[in-house]
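Colleague: Pasting a predicted model and its sequence here:
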Amino acid sequence: MADVKTLEEAFEFVESAGICTIFSEKAKGIPSLWDAVDLPEGSGGQTKWGAKVEAIWAWKNELPETYPEDVYYGKIPGGHAALMTIQYLRETHYAVARKPISDCSELAQHVYEMIRLNPNVTGEFRRESVELYGCTKSRFDTALKQLQVTLNIVRSNEPGLNSDTWVPFSEVYLDLVGE
């Protein structure tokens with residue numbers, strides 16, 4: 001399907017692909033939702049970004065919110081944002097991507113502990129990390145990405161969240177962690 005225009009069609013695309021990146025075509029062998037969406041670039045939307053970017057940016061959150069038993073959103077190695085079916089997550093991705101928190105950087109371990117104790121939005125964690133650990137925005141962003149790639153944290157799927165709210169992966173996907 002290369003003419004995705006709606007959330008439902010995006011869901012069908014993810015279901016048929018098993019895994020896809022959001023924007024990037026740099027993840028070798030993985031299709032991108034960007035290439036499948038048939039909406040105007042740079043126009044037709046409500047912002048300067050255009051209808052295509054607006055739709056994909058919204059769908060990355062709406063798909064796991066609308067279909068929480070079917071769709072997962074997270075980062076894959078290389079830091080690419082990706083959508084995948086829960087089946088793909090369970091049968092393929094989890095075994096190769098999951099790393100214990102002890103394998104992560106010291107800063108990532110600190111950020112994970114903050115998330116574990118009090119799920120919150122990216123901006124709050126960044127501000128607190130810079131204050132407590134003296135890190136830069138870039139180092140914080142790298143630590144947050146590492147926690148996503150290693151399946152230690154995940155964006156909350158609670159409907160209506162306007163900002164990325166981070167929770168431990170195990171709180172949302174306990175069935176996977178326990179396998």
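Modeller: That came through, no problem.
Colleague: Next, give phi and psi for Phe71.
Modeller: One thing to correct before we go on: residue 71 is Val, not Phe. phi -130, psi 140 (degrees, to the nearest 10).
Colleague: and what of the one 10 residues further on?
Modeller: Summarising the backbone geometry of Ala81 under the convention degrees, to the nearest 10, its torsions are phi -70, psi 130.
Colleague: Does it have any beta-bridge partners, and if so which?
Modeller: Beta bridges link Ala81 to Lys75, judged by DSSP bridges.
Colleague: how far away is it from Ile19?
Modeller: 12 Å (C-beta to C-beta, to the nearest Å). (Glycine included, C-beta is placed from N, CA and C.)
Colleague: Residue ranges in the protein under the pLDDT threshold?
Modeller: Applying pLDDT under 70 to the chain picks out residues 1-2, 42-49, 178-179.
Colleague: In the chain, mark out all the strands, start to finish.
Modeller: Per DSSP state E, the chain carries strands over the ranges 19-21, 71-76, 80-85, 120-121, 153-155, 165-168.
Colleague: most packed of the ones you listed?
Modeller: Highest mean neighbour count of the strands of the chain: strand 153-155, a mean of 24 (counted as mean count of other C-beta atoms under 10 Å).
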